[in-house]
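>>> my questions are about this predicted structure, shown below with the sequence.
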Amino acid sequence: MHPETEKVSGSSAKDSGGPNPWPRWYLALALFWLAFVGLLAFLTRLGS
Amino acid sequence: MSTLDWLVFLGSQGLILAYGLWSMSRQGQAESYLRSRSQTGWMVGLSIMATQASAITFLSAPGLAYREGLGFIQFYLGLPLAMVVLSVVALPIYYRLNVYTAYEYLETRFDGRVRRLAAFLFLTQRGLAAGLTIYAPALILSTALGWDLLWTNLLTGSVVLAYTLSGGSRAVARTQLLQMSVILLGMVLAGWWMFRGLPSDWSGSDALQLSALAGKTQALVLRLDWNDRYSLWTGLVGGGFLMLSYFGTDQSQVQRYLGGQSLSQSRKGLMLNAFFKLPMQLMILGLGVLMYVFYVFETPPLNFKHPERVAAHDRVLFEQEALRRRATAEAWRAATYPQRKDSLGMEFKRSAARLDSIQSLVSERNKSIASGDDGSDTNFIFIRYVLDFLPVGLVGLLISMVFCASMSSTAAELSALSTTTLVDFYARWTGHSPEGPRALAMGRLFTLAWGLYAVGFALIADRMGTLIEAVNVLGSLVYGTILGIFLSAFFSKGLRAPSVLLAALLTEALVLLLYFGAEIPYLWLNAVGALAVPLLGWIVQPWLAGLSSQSPKTPTLGS
């Protein structure tokens, strides 16, 4: 049996009563994605 | 290859193989052969990336960027969003049910028929894709060493198979760490050497501006046009659905992240992939763009695949035009007056267009000369550069890099094909446990059978065009339907097994009809398939009401 089979509803931090870290990961990822698309837009503009 | 190249190639491959065999000696249980639960988030992330980045990626993508620029990067723009959806929705359910394969969940939610249909679709397309991942390095070795392609396919297929048989899921993941190290090192060194090959008075900024002038930095298409193969929208919607399906329902990936020590570590692995995949892919495509600039100063072959199939007058015409392009590029860089610079920029574009048209003409001729040859030389552009320009030692490392990429993908694919056959068909039908010595023996037997099947397909793969697209098209024909089944399971609590089964079959027919009849870009097929299954499911459910008496067994999202 897998060690986390009994606690699957979220992260271990959440299960232990701490703040859930994952929304911050997702927010950071969204900002990173926007910056990356910005870089692609810059590269595209260079050639126009 | 020189002796030093052979030493580097055989040394790095031998080290990885020895590590795989050493892992086998510690491998005794069926559970860790099918599913290893010992990895940290970093290991999971690298394993996911190594599985997706096959040799095809490193062969085709730089060549694609050399010809068409950075536009292909848009294919991956939906990936981060797909990682978040999987992290929130699918991963907790897979962990809760403690499954070996993604398809086990479908039996819990629907019934055995839906599970078998999804597993069958996976086996069909992944078996073929595994053939292509064996074919790609065979192509390189046959080009590099002048070996017969048939025997090279057989030889490389056997090596990969022997390695995978010895490995099992845990060894696959561990060797992938070494393989990713060789891949990253090879890429960085190739890029560095390419840049070194530019004229000494050309800076990075000059090279970037020249590639922009040639249209190679066109990375983002914002207009919504059905005819655009790659745009922000096809990448975000079509590519997003493809990534969701590939990472969420393709066992070769699910098996990777279910190998995490815990739910948290598996999530970290998905996030690592979400952050690093786009920059890595941009780097690979960037190599192709840099190669274009390099070949402005070094006359490229008129045809990278068949330099010998070029008429003398075409070659002379091409070389004269290449010299004109080079002179124009140097004058353009030296020009200070804006009007003069603009006029030279236009002249450079015209010269580049003339070179392209000569090259296209030769490709068309090659296409008509040889049956089974699509005329495309895209897959050979990067390897030609490696063989012609990289220094002794680095050639061996780059060949090793491509071989590593192939082995890491093929090993994960064969392992997943074997696990799915064992868990979703063999164990399900015979009632035997997927754990224990008998299952271990059967797992190895299925790995062998799938390996032979993949090698067989590799032998006929030479008749296909740009490989990277062939694999993606193949995936798009079934991925949408598989994802549609899973979306129905996750989000449509009221949908029942017979409705989903019929809807999935109708959807697959629709996708094939659209692909062969309507000629819409293949990335959209993922979205069509994924949305059609739940939609058709709801439409047919009232007619099938009498057949579907049981209520959903759950869990669905939020249950």
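In hand now; what should we look at? Remember, it's a predicted structure, so these values are computed and weren't measured experimentally.
>>> any idea how far B:I16 lies from B:F425?
31 Å (C-beta to C-beta, to the nearest Å). C-beta coordinates here come from the backbone N, C-alpha and C atoms, glycine included.
>>> quick one, which of the two is more surrounded?
Shown here are B:I16 and B:F425; by other C-beta atoms under 10 Å in any protein chain shown, B:I16 has more neighbours (24 against 17).
>>> got the phi and psi for the more buried one?
phi -70, psi -40 (degrees, to the nearest 10).
>>> from what I can see it touches B:M407, true?
Yes: counting by C-beta atoms under 8 Å, B:M407 is a contact partner of B:I16 at 7.4 Å.
>>> what's the overlap in contacts for those two?
With contacts defined as C-beta atoms under 8 Å, 6 or more residues apart in numbering or on different chains, the residues shared by B:I16 and B:M407 are B:T175, B:Q179.
>>> give me the below-cutoff pLDDT ranges for the chain.
Since no chain was named, I'll use chain A. A:1-19 (pLDDT under 70).
>>> sorry, should have said chain B
B:23-36, B:140-141, B:144-145, B:167-171, B:366-375, B:462-473, B:546-559.
>>> how about the residues of it near chain A?
Within chain B, the residues that sit near chain A (C-beta under 8 Å from any C-beta of the partner chain) are B:37, B:70, B:73-74, B:77, B:80-81, B:83-84, B:87-88, B:92, B:95-96, B:98, B:208-209, B:212-220, B:232, B:261-264, B:267, B:271, B:274-275, B:278-279.
>>> inside helices: which ones of those residues?
Using DSSP state H, the members of those that fall in helices are B:80-81, B:83-84, B:92, B:95-96, B:208-209, B:212-213, B:232, B:263-264, B:267, B:271, B:274-275, B:278-279.
>>> filter the residues you listed down to the buried ones, ChimeraX style.
Selecting only the buried entries of these in ChimeraX, with 16 or more other C-beta atoms under 10 Å in any protein chain shown as the criterion:
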select /B:80,81,83,84,92,95,96,208,209,212,213,232,263,264,267,271,274,275,278
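>>> distance of the residue in the stretch 351-500 of chain B that chain A sits nearest to relative to A:L40?
Nearest to chain A, among the residues of the stretch 351-500 of chain B, is B:E435, at 11.7 Å (C-beta to the nearest C-beta). In this structure, B:E435 and A:L40 are 47 Å apart, going by C-beta to C-beta.
>>> same drill for the two, tell me which one is more crowded.
Neighbours per residue (other C-beta under 10 Å) separate B:E435 from A:L40, with A:L40 holding more: 22 against 17.
>>> could you say which helix or strand holds that one?
Using DSSP states H and E, A:L40 sits within helix A:22-46.
>>> which other helices and strands does that helix contact?
helix B:79-85, helix B:204-213, helix B:263-297 (3 or more C-beta pairs under 8 Å, 6 or more residues apart in numbering or on different chains; DSSP states H and E).
>>> switch the cut-off to 6 Å
When contacts are defined as 3 or more C-beta pairs under 6 Å, 6 or more residues apart in numbering or on different chains; DSSP states H and E, helix A:22-46 packs onto helix B:79-85, helix B:263-297.
>>> identify each buried residue in it, please.
Of all the residues in helix A:22-46, those buried under the rule 16+ other C-beta under 10 Å are A:W22, A:W25, A:Y26, A:L29, A:W33, A:F36, A:V37, A:L39, A:L40, A:L43, A:T44, A:L46.
>>> kindly report the same for stretch B:350-364.
B:S351, B:A352, B:R354, B:L355, B:I358, B:Q359, B:V362, B:S363.
>>> could those residues go into JSON lines alongside secondary structure?
Listed next are these as JSON lines, based on DSSP: H, G, I helix; E, B strand; the rest coil:
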{"residue": "B:S351", "secondary structure": "helix"}
{"residue": "B:A352", "secondary structure": "helix"}
{"residue": "B:R354", "secondary structure": "helix"}
{"residue": "B:L355", "secondary structure": "helix"}
{"residue": "B:I358", "secondary structure": "helix"}
{"residue": "B:Q359", "secondary structure": "helix"}
{"residue": "B:V362", "secondary structure": "helix"}
{"residue": "B:S363", "secondary structure": "helix"}
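>>> tally up the residues packed near B:G204, please.
10.
>>> now name the helix or strand holding the closest residue to it other than its chain neighbours.
Sequence neighbours aside, B:F195 is the residue nearest to B:G204 in space, at 7.2 Å (criterion: C-beta to C-beta, 6 or more residues apart in numbering or on different chains). Assigned by DSSP H and E, B:F195 falls within helix B:149-196.
>>> against which helices or strands is that helix packed?
Counting contacts by 3+ C-beta pairs under 6 Å, 6+ apart, helix B:149-196 is packed against helix B:3-25, helix B:30-34, helix B:41-52, helix B:112-145, helix B:263-297, helix B:394-420, helix B:437-458.
>>> buried deepest among these, which one?
helix B:394-420 (a mean of 27; mean count of other C-beta atoms under 10 Å in any protein chain shown).
>>> packing partners for that one?
Against helix B:394-420 (3+ C-beta pairs under 6 Å, 6+ apart) you get helix B:3-25, helix B:41-52, helix B:55-68, helix B:112-145, helix B:149-196, helix B:251-257, helix B:437-458.
>>> can you redo these as CSV with distance to B:D377?
Below are the helices and strands packed on helix B:394-420 laid out as CSV (distance: least, C-beta to C-beta, whole Å):
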stretch, distance to B:D377
helix B:3-25, 23
helix B:41-52, 25
helix B:55-68, 8
helix B:112-145, 11
helix B:149-196, 16
helix B:251-257, 30
helix B:437-458, 20
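>>> quick check: which of those is nearest to B:Y479?
helix B:112-145 (7.7 Å; C-beta to C-beta).
>>> can you give me the angle that closest one makes with helix B:149-196?
Following axes from the mean of the first three to the mean of the last three C-alpha atoms, to 10 degrees, one obtains 70 degrees for the angle between helix B:112-145 and helix B:149-196.
>>> and the angle from helix B:112-145 to helix B:437-458?
Calculated by the same axes, to 10 degrees, helix B:112-145 forms an angle of 50 degrees with helix B:437-458.
>>> now for helix B:112-145, which elements pack on it?
Under the contact definition 3+ C-beta pairs under 6 Å, 6+ apart, helix B:112-145 sits against helix B:55-68, helix B:102-109, helix B:149-196, helix B:381-389, helix B:394-420, helix B:437-458, helix B:467-491, helix B:497-513.
>>> pipe the ones you listed into TSV and attach distance to B:V533 per row.
Formatted as TSV, the helices and strands packed on helix B:112-145 follow (distance: least, C-beta to C-beta, whole Å):
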stretch	distance to B:V533
helix B:55-68	28
helix B:102-109	12
helix B:149-196	29
helix B:381-389	38
helix B:394-420	20
helix B:437-458	27
helix B:467-491	3
helix B:497-513	5
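>>> of all those, which one is nearest B:P338?
Closest approach to B:P338 among the helices and strands packed on helix B:112-145 is made by helix B:149-196 (27.7 Å; C-beta to C-beta).
>>> where's that closest one relative to the chain centroid, distance-wise?
From the chain centre to the centre of helix B:149-196 is a distance of 14 Å (C-alpha atoms, centre = their mean, to the nearest Å).
>>> same question, stretch B:355-365
Distance, centroid of stretch B:355-365 to centroid of chain: 28 Å (C-alpha atoms, centre = their mean).
>>> got a list of contacts for it?
Residues outside stretch B:355-365 that contact it (C-beta atoms under 6 Å, 6 or more residues apart in numbering or on different chains): B:L302, B:N303, B:V310, B:D314, B:F318, B:E321, B:G375.
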